[in-house]
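S.K.: Sequence first, predicted model second:
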Amino acid sequence: MSEARFSTPIDQRYFDDYVAGTVFEYGPIAVDETEVIAFAQRFDPQWIHTDPQAAAQGPFQGLIASGWHSVGLLMRLFVHHYLSSVASIASPGVDEVRWNKPVRPGDQLRLRVTTTQTRRSNSKPDRGLVYSLLEGINQHGEVVVSLKAMNMLKTRPADPPAAA
């Protein structure tokens, strides 16, 4: 699969524009030490995320970002570039979140999104589900985090009938 580009801008993109098998890449987004610590102090207060001195002596030999922070960074890229700003309804959830390698302050993350499947709703034909594999890739080309997302999107509205 090669990297693709949407032919439709994000503010005109509907379920119909997502094609299984397409791959998109966005970023980078920087991992900032101040943000790593602030996020962790509020949401994941483990010393490997909050205390640079102690973390230097720990199993990762340095401060690492919370996995939830890493997912949040990727979510920003996902929303800003991939997910329709006019047709996104909701997400039924994500599956198989994996933190494959530590994410560190100073890293530059890219998001690779593979549209794995699309399925129009049988009961509500004005919408469909888009299944995607999201992979966070660091500046060394390593996949550091991955997850499988489902997003419900509206289908493109039919053109109104022409005036007589």
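M.R.: Arrived safely, thanks for sending.
S.K.: check which helix or strand covers M75.
M.R.: M75 is part of helix 67-77 when elements are defined by DSSP states H and E.
S.K.: following that helix, which helix or strand comes up?
M.R.: Stepping forward along the backbone from helix 67-77, the first helix or strand reached (DSSP H and E) is strand 88-99.
S.K.: now what about that following strand, what contacts it?
M.R.: Contacting residues not belonging to strand 88-99 are listed as 67, 70-71, 127, 129, 144-154 [Cβ atoms under 8 Å, 6 or more residues apart in numbering]. (C-beta placed from N, C-alpha, C; glycine too.)
S.K.: Show only the entries of those found in helices.
M.R.: The members of those that map onto helices under DSSP state H are G67, S70, V71.
S.K.: okay, those in JSON lines with neighbour count and distance to R112 next?
M.R.: As requested, the ones in helices among the contacts of strand 88-99 are exported to JSON lines (neighbours: other Cβ atoms under 10 Å; distance: Cβ to Cβ, whole Å):
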{"residue": "G67", "neighbour count": "18", "distance to R112": "18"}
{"residue": "S70", "neighbour count": "25", "distance to R112": "14"}
{"residue": "V71", "neighbour count": "20", "distance to R112": "14"}
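S.K.: can you tell me which residues contact the residue nearest to Q139 when sequence neighbours are not counted?
M.R.: Using Cβ to Cβ, 6 or more residues apart in numbering and skipping the chain neighbours, the partner closest in space to Q139 is Q108 (4.5 Å). Going by Cβ under 8 Å, 6+ apart, Q108 touches G27, P28, I29, A30, V31, N138, Q139.
S.K.: related to what we said a few turns ago, which one of the contacts of strand 88-99 is nearest to Q61?
M.R.: Nearest to Q61 out of these is V144 (Cβ to Cβ; 16.1 Å).
S.K.: and the closest one, how many neighbours does it have?
M.R.: Here the neighbour count serves as a burial measure; for V144 (other Cβ atoms under 10 Å) it reads 23.
S.K.: Correct me if wrong: it contacts I137.
M.R.: Yes - between V144 and I137 a contact is recorded at 7.0 Å, counting by Cβ atoms under 8 Å.
S.K.: Which neighbours do those two have in common?
M.R.: With Cβ under 8 Å, 6+ apart as the test, V144 and I137 both reach L109.
S.K.: Can you give me the distance of the spatially closest residue to T155 that is not a sequence neighbour to S66?
M.R.: In space, not counting the residues next to it along the chain, T155 is nearest to F15; the distance is 4.7 Å by Cβ to Cβ, 6+ apart. Relative to S66, F15 is positioned 33 Å away (criterion: Cβ to Cβ, to the nearest Å).
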